[in-house]
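S.K.: heads up, no residue letters with this:
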């Protein structure tokens, strides 16, 4: 069964850090570009970062650039999103997605809450 799964969310204080993970079952992430998105309550989903398959070229939205880092570990079949200097406005459900054989797969999402 093809699945994408996120993990690593939680509650963190402003200025803190979290590392999110995106892994898969039924296929490997190595050959595919992976995107991270987030959706806060009452807001539209926002694409915040992605990483390409071959050259691992990365992209960041202006809202997270300089604070978030996307990377991939092919041995672990995982894409990471390191989030530093977190702000209350980063509170959202974070999801990763991948286009695999013509179908876009989304994970269930992981909640990140930044609050004191």
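M.R.: Right, received. Where do you want to start? What you see is a predicted model; the values in this text were computed from it and never measured. Numbers count the residues shown, from 1 in each chain.
S.K.: Please make it C-alpha for all contacts and neighbour counts, starting now.
M.R.: Fine.
S.K.: what about the residue nearest to residue 52 when sequence neighbours are not counted, distance to residue 79?
M.R.: Residue nearest to residue 52 in three dimensions, not counting chain neighbours: residue 33, with 4.2 Å by CA to CA, 6 or more residues apart in numbering. According to CA to CA, to the nearest Å, residue 33 stands 10 Å off from residue 79.
S.K.: Ignoring the adjacent residues along the chain, who's closest to the residue nearest to the spatial centre of the chain?
M.R.: Nearest to the mean C-alpha position of the chain, counting by CA atoms, centre = their mean, stands residue 36 at 3.5 Å. Nearest non-adjacent residue to residue 36, counting by CA to CA, 6+ apart: residue 96, 4.4 Å away.
S.K.: With residue 63 instead?
M.R.: residue 48 (7.6 Å).
S.K.: and the one you found, how many residues sit next to it?
M.R.: Residue 48 has 19 neighbours, counted by other CA atoms under 10 Å.
S.K.: my read: it touches residue 68, true?
M.R.: No - the criterion here is CA atoms under 8 Å, and residue 48 misses it with residue 68 at 9.0 Å.
S.K.: Report the set of residues contacting both of those two.
M.R.: Common neighbours of residue 48 and residue 68, using CA atoms under 8 Å, 6 or more residues apart in numbering, are residue 60.
S.K.: Output the below-cut-off pLDDT ranges for this protein.
M.R.: Along the chain, segments meeting pLDDT under 70 are nowhere present.
S.K.: quick one, helices of it?
M.R.: Taking DSSP state H to define them, one finds no helices in the chain.
S.K.: separation between residue 114 and residue 87?
M.R.: Note on residue 114: its distance to residue 87, by CA to CA, is 6 Å.
S.K.: which ones are touching the residue nearest to residue 63?
M.R.: 35-38, 59-61, 63-64.
S.K.: What's the PyMOL syntax to select whichever of the residues you listed are buried?
M.R.: Applying 16 or more other CA atoms under 10 Å to the contacts of residue 48, the buried members can be selected in PyMOL as follows:
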select buried, resi 35+36+37+38+59+60+64
